[in-house]
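**Q** got a predicted model here, sequence first, then my questions.
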Amino acid sequence: MDTKTKTPPKRPKRKAQQLQLKNLRYLNMKAAQQPELGIASIELTEAYTRIDFNYTAPDYYVNGGWIQMHPQAFIRPVGTNTTYTLVKTINIKLNPSKTYFKHCGQRHTFTLFFPALPEGTEAIDIIEKEAPGTYFNFYNIRFSSWLKLNIPKSTFIYS
């Protein structure tokens, strides 16, 4: 009987490569002054576009009402027909579900994620739904004039 133990074959070592991804966040310094719905910030990376909103439940609903987001919401660079459809939401439910408020005046923040925009985009339209009704639609948002923060992010990719 052989009592020698075999050592497992060695796996080739993977090298970690560090990529510097450009990450820009634009802060809307006037967001706090917007009465019901305002865009707080827009973040642009090579992987996604993130848009943060502030919402205050209006006083014409007894319990503050509700909000929701249309699943086919999109953004488009101003002056183009190219659209980037909603990928993910944080803190807001998608239609037909609703995010309910407990009282009027309640503050709520939520985030929408879209695919990355082309480099050099300076203004966008944010469209929940282009149809008659009350939708969260914003046209010609010139975020490039907002306070710009460069936030380098590191991502490791193994090869």
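**A** That came in fine, so what should we check first?
**Q** got the contact list for the residue most central in space within the chain?
**A** Residue closest to the average C-alpha location in the chain (CA atoms, centre = their mean): R50, at 2.4 Å. Listed by CB atoms under 8 Å, 6 or more residues apart in numbering, the contact partners of R50 are S41, I42, E43, T111, L112, F113, F114. Where you see a C-beta, it was placed from the backbone N, CA and C, and this is true even at glycine.
**Q** in strands, which of those residues appear?
**A** S41, I42, E43, T111, L112, F113, F114 (DSSP state E).
**Q** how about those in TSV, adding distance to M29, pLDDT and neighbour count?
**A** What follows is the ones in strands among the contacts of R50, written out as TSV (distance: CB to CB, whole Å; pLDDT from 0 to 100; neighbours: other CB atoms under 10 Å):
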residue	distance to M29	pLDDT	neighbour count
S41	10	95	19
I42	13	96	23
E43	16	95	19
T111	19	97	16
L112	20	98	23
F113	23	98	15
F114	23	98	21
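**Q** quick one: N28 from W146, how far?
**A** 5 Å (CB to CB, to the nearest Å).
**Q** pull up the overlap in contacts between the two.
**A** Common neighbours of N28 and W146 (CB under 8 Å, 6+ apart) are S41, I42.
**Q** pull the residues that contact stretch 104-112.
**A** Contacts for stretch 104-112 (CB under 8 Å, 6+ apart): 40, 50-65, 67, 69, 73, 86, 88-92, 99, 101, 126.
**Q** recalculate using a threshold of 6 Å.
**A** 51-57, 59, 64, 89-92 (CB atoms under 6 Å, 6 or more residues apart in numbering).
**Q** now, of those residues, which are buried?
**A** I51, D52, F53, N54, Y55, T56, A57, G64, T89, I92 (16 or more other CB atoms under 10 Å).
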